[in-house]
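Visitor: quick one: sequence plus predicted model below, questions after.
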Amino acid sequence: MSALRGSRMDAQRGKRTKFIFVTGGVVSSLGKGLSSASLGALLENRGLKITHLKLDPYINVDPGTMSPFQHGEVYVTDDGGETDLDLGHYERFSSAKMSRHNNATTGRIYQNVINQERHGEYLGKTVQVIPHITDEIKRFILNAADGNDIVIVEVGGTVGDIESLPFLEAIRQMKYDVGSDNAIYIHLTLVPYIQTAHEVKTKPTQHSVMKLREIGIQPDILLCRTDRHLSKEIKDKIALFCSVEPGSVFTAADVSTIYELPLALHEEGLDDRVAELLNIWSRAPRLDKWEKIVRAVKEPSREVRVAIVGKYVDQTESYKSLNEALVHGGIANDCRVSLDYVDSSDVEKLGAETLLAHADAVLVPGGFGMRGTEGKIAAVRYARERKVPFFGICLGLQMAAIEFARNVLGLTGANSHEFDEGTPHPVVSLMADQKSVVAKGGTMRLGAYDCTLKPGTLAHKVYGRSVISERHRHRYEVNNEYRPRFEERGLVASGVNDQLGLVEVVELEGHPYFIGCQYHPEFQSKPFQPHPLFAGFVRAALEHRARQGRGDKAIEAPPPGPEIQFPSGVPKAQA
């Protein structure tokens with residue numbers, strides 16, 4: 001019997017917090033994260049306070065040491081948590097604030113249990129998956145319940161994988177622990193269309209639900225991922241073979257923009273059914289904001305082309321938040337932002353002029369490692385010399401500093417200590433407190449830090465205030481020894497962290513729009529709250545396009561967006 005049942009669980013039952021567990025079957029990458037985020041948006045629009053959890057079955061303690069080629073983006077929270085990219089979806093779709101406590105991996109759960117065992121907290125008992133690991137998972141879930149009406153828990157991986165079994169066993173127990181009226185299971189599964197047979201096939205869904213039922217979980221709702229609307233006949237067949245009520249089978253069809261998904265799921269009646277099963281009394285959702293966002297994305301009056309020069313361009317998941325932040329910048333300017341991904345290694349081979357001549361603006365994102373850095377530097381030089389709007393993020397700022405040092409200051413061999421420990425001009429170097437760090441996981445400069453903006457600068461104008469707070473994830477910084485020489489020739493440090501004395505923002509005097517930031521502003525951008533740096537960047541791209549004769553001759557102020565606001569800043573993380 002669970003050690004938590006009868007004590008902590010009973011207390012939670014009294015609070016009437018509702019739990020929604022989302023699992024996936026057949027194949028990975030069906031969209032559990034977006035479905036969970038969309039459901040959260042719908043329930044929040046009903047006046048409920050929601051939060052999200054992501055349970056990941058891999059043994060890494062967090063994704064911080066994982067390659068973007070394998071895992072995709074690492075999403076950073078205010079408190080310095082390195083988390084799964086789905087937490088970015090959760091924050092973009094709702095007002096829920098994520099932290100390191102909203103994402104748990106197998107590695108973290110086992111680490112907690114082993115630490116407790118080493119401290120003798122199990123009083124000599126044999127530590128086992130059941131109940132000790134499952135109790136730790138349930139404890140993690142229940143800790144999110146305080147102050148929330150709904151906790152949406154997404155279980156990563158695919159049902160049938162051995163890695164996710166402890167998480168599935170834990171959520172199976174949860175329904176008995178908190179009461180059947182306070183927990184439901186939603187299973188997202190694939191219903192493929194077979195072209196040669198000209199019909200959709202329900203067998204994969206049947207087998208996926210069978211695997212789930214073998215574990216002891218009977219789904220209450222089935223979300224059927226498909227490229228077309230499912231008929232009532234098909235839904236009834238799925239319901240019959242999967243022992244689900246006919247009114248609990250929903251189509252999760254492809255949509256042209258992810259921000260259309262909450263509207264599509266509401267049209268299907270998903271949130272109504274969830275409210276019915278959980279006995280929730282609430283107002284109807286107010287979705288006019290979402291309708292405006294979808295119109296803004298699908299029917300803009302203008303367009304710009306932005307070249308993203310990076311090293312993970314074949315893995316769009318690696319730049320998930322960045323891509324969405326550019327969409328938000330387009331929303332703020334009544335503009336479609338067409339993204340051209342340019343491999344920085346190709347820039348080294350073919351030249352910046354060949355690959356970037358079509359671009360209305362150039363963006364160099366963050367990244368790690370030596371490969372492709374010379375291509376990024378070449379892209380920066382192209383944007384600087386041709387006066388093309390430029391935006392450098394994290395490593396992108398560092399590439400701008402290196403390019404300026406080499407080609408404007410004439411410092412031959414200038415580089416970062418990350419790429420060349422013997423460089424004669426380390427214009428980018430390790431922070432002093434990073435030089436003795438050996439462990440790789442969770443040891444970078446992480447989370448939200450304050451930044452003071454210099455009055456009269458582009459950064460100050462774009463933000464519209466003097467003090468901001470942004471999220472970081474890096475080890476290397478602009479070397480302050482070179483800062484006087486940079487500023488003397490026009491590369492100005494327009495944003496500085498006063499506490500640490502570190503450069504946060506640089507910009508180039510005399511350039512229409514050339515700005516780099518050491519932090520990751522994409523982590524705070526939302527469709528209803530486009531980040532000011534992305535809104536300003538897209539606007540600069542529009543203006544450049546007009547100057548080049550590729551767009552409107554005059555760029556007027558964009559019409560008022562769908563309640564667009566700029567983020568007002570977040571608390572500073574503990575240093």
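Guide: Everything's here; your move. Numbering: from 1, shown residues only.
Visitor: state the helix or strand in which the closest residue to C394 other than its chain neighbours lies.
Guide: If the residues on either side of it in the chain are set aside, C394 comes closest to G366, at 3.5 Å by C-beta to C-beta, 6 or more residues apart in numbering. For every residue, glycine as well, the C-beta is placed using N, CA and C. In this structure, G366 is located outside every helix and strand according to DSSP states H and E.
Visitor: dihedrals phi and psi, G366?
Guide: According to degrees, to the nearest 10, the main-chain angles of G366 amount to phi -70, psi 170.
Visitor: next: E509.
Guide: phi -60, psi 140.
Visitor: tell me how far the residue nearest to it when sequence neighbours are not counted lies from G392.
Guide: Spatial nearest neighbour of E509, excluding adjacent residues (C-beta to C-beta, 6+ apart): G490 at 4.1 Å. The spacing between G490 and G392, counted by C-beta to C-beta, to the nearest Å, is 16 Å.
Visitor: what does N45 give?
Guide: 37 Å.
Visitor: which of these two has more neighbours?
Guide: Each of N45 and G392 has its neighbours counted (other C-beta atoms under 10 Å); G392 has more, 28 against 22.
Visitor: wait, a strand at the more buried one?
Guide: Yes - secondary structure of G392, determined by DSSP: H, G, I helix; E, B strand; the rest coil: located in a strand.
Visitor: nearest residue to it other than its sequence neighbours?
Guide: The shortest distance from G392 to any residue that is not its chain neighbour, by C-beta to C-beta, 6+ apart, is 3.5 Å, and that residue is G516.
Visitor: for D498, same thing?
Guide: T452 (5.4 Å).
Visitor: who touches that neighbour in this structure?
Guide: Under the criterion of C-beta atoms under 8 Å, 6 or more residues apart in numbering, the neighbours of T452 are S466, V467, G495, V496, N497, D498.
Visitor: do G369 as well
Guide: Going by C-beta under 8 Å, 6+ apart, G369 touches K311.
Visitor: wait, F390 touches Y513, no?
Guide: Yes - the criterion here is C-beta atoms under 8 Å, and F390 meets it with Y513 at 7.0 Å.
Visitor: which neighbours do those two share?
Guide: Looking at what touches both F390 and Y513 (by C-beta under 8 Å, 6+ apart), the common residues are A361.
Visitor: if you count surrounding residues, which of these two has more?
Guide: The residue with more neighbours, out of F390 and Y513, is F390; 27 against 22, by other C-beta under 10 Å.
Visitor: pull the number of nearby residues for the residue nearest to the more buried one when sequence neighbours are not counted.
Guide: For F390, ignoring the flanking residues on the chain, the nearest one in space by C-beta to C-beta, 6+ apart is A383 at 3.8 Å. If you count neighbours by other C-beta under 10 Å, A383 ends up with 29.
Visitor: in what helix or strand does A383 lie?
Guide: In this structure, A383 sits in helix 373-386 according to DSSP H and E.
Visitor: show the average pLDDT along that helix.
Guide: Computed over helix 373-386, the mean pLDDT rounds to 96.
Visitor: now do that helix: which elements does it pack against?
Guide: Contact partners of helix 373-386 among helices and strands, from 3 or more C-beta pairs under 8 Å, 6 or more residues apart in numbering; DSSP states H and E: strand 302-310, helix 344-350, helix 352-356, strand 361-364, strand 390-393, helix 395-407.
Visitor: again, only this time at 6 Å
Guide: Helices and strands in packing contact with helix 373-386 are listed as helix 344-350, helix 352-356, strand 361-364, helix 395-407; criterion 3 or more C-beta pairs under 6 Å, 6 or more residues apart in numbering; DSSP states H and E.
Visitor: go through these and name the closest to E233.
Guide: The minimum distance between E233 and the helices and strands packed on helix 373-386 falls on strand 361-364, with 48.0 Å, by C-beta to C-beta.
Visitor: give me the packing partners of the closest one, helices and strands only.
Guide: Using 3+ C-beta pairs under 6 Å, 6+ apart as the contact criterion, the elements in contact with strand 361-364 are strand 302-310, helix 373-386, strand 390-393.
Visitor: just say which of the ones you listed is most tucked in.
Guide: Mean neighbour count, computed with mean count of other C-beta atoms under 10 Å, is highest for strand 390-393 among the helices and strands packed on strand 361-364, reaching a mean of 27.
Visitor: quick one: distance of that strand to the chain centre.
Guide: For strand 390-393, the distance from its own C-alpha centre to the chain's C-alpha centre is 19 Å (C-alpha atoms, centre = their mean, to the nearest Å).
Visitor: contacts made by it with the rest, please.
Guide: The set of residues external to strand 390-393 that reach it, using C-beta atoms under 6 Å, 6 or more residues apart in numbering, is V362, L363, V364, P365, G366, A383, A400, F514, G516, F537.
Visitor: residues in contact with the last one?
Guide: It refers to F537. When contacts are counted by C-beta under 6 Å, 6+ apart, F537 touches F391.
Visitor: for the residue lying farthest from the centre of the chain, give me phi and psi.
Guide: Residue farthest from the centre of the chain, counting by C-alpha atoms, centre = their mean, is G124 at 41.8 Å. Listed backbone geometry of G124 is phi 80, psi 0, with angles given as degrees, to the nearest 10.
Visitor: check T412 too.
Guide: Its backbone dihedrals place T412 at phi -60, psi 130, with angles given as degrees, to the nearest 10.
Visitor: which residue sits closest to it, ignoring its sequence neighbours?
Guide: Spatially, and ignoring its direct neighbours in sequence, T412 is nearest to R406 (7.0 Å; C-beta to C-beta, 6+ apart).
Visitor: so where is this protein shaky, pLDDT-wise?
Guide: Within the chain, the set of residues satisfying pLDDT under 70 comprises 1-15, 68-71, 314-316, 431-443, 551-575.
Visitor: can you classify L409 as helix, strand or coil?
Guide: Here L409 is coil, with the state taken from three-state DSSP.
Visitor: please read the previous query as pertaining to R336.
Guide: On the three-state scheme (three-state DSSP), R336 is labelled strand.
Visitor: beta-bridge partners for it, please?
Guide: In this structure, R336 bridges to E303 when assessed by DSSP bridges.
Visitor: wait, what's in contact with it?
Guide: Counting by C-beta under 6 Å, 6+ apart, the residues that R336 touches are P300, E303, G330.
Visitor: please apply the same query to A361.
Guide: Taking C-beta under 6 Å, 6+ apart as the definition, contacts of A361 comprise V306, P389, A541.
Visitor: can you pull the contacts of the first one?
Guide: In other words, V306. V306 makes contact with V337, L339, A361, L363, according to C-beta under 6 Å, 6+ apart.
Visitor: and what of the second one?
Guide: With contact taken as C-beta under 6 Å, 6+ apart, P389 is in contact with A361, Y513, A540, A541, H544.
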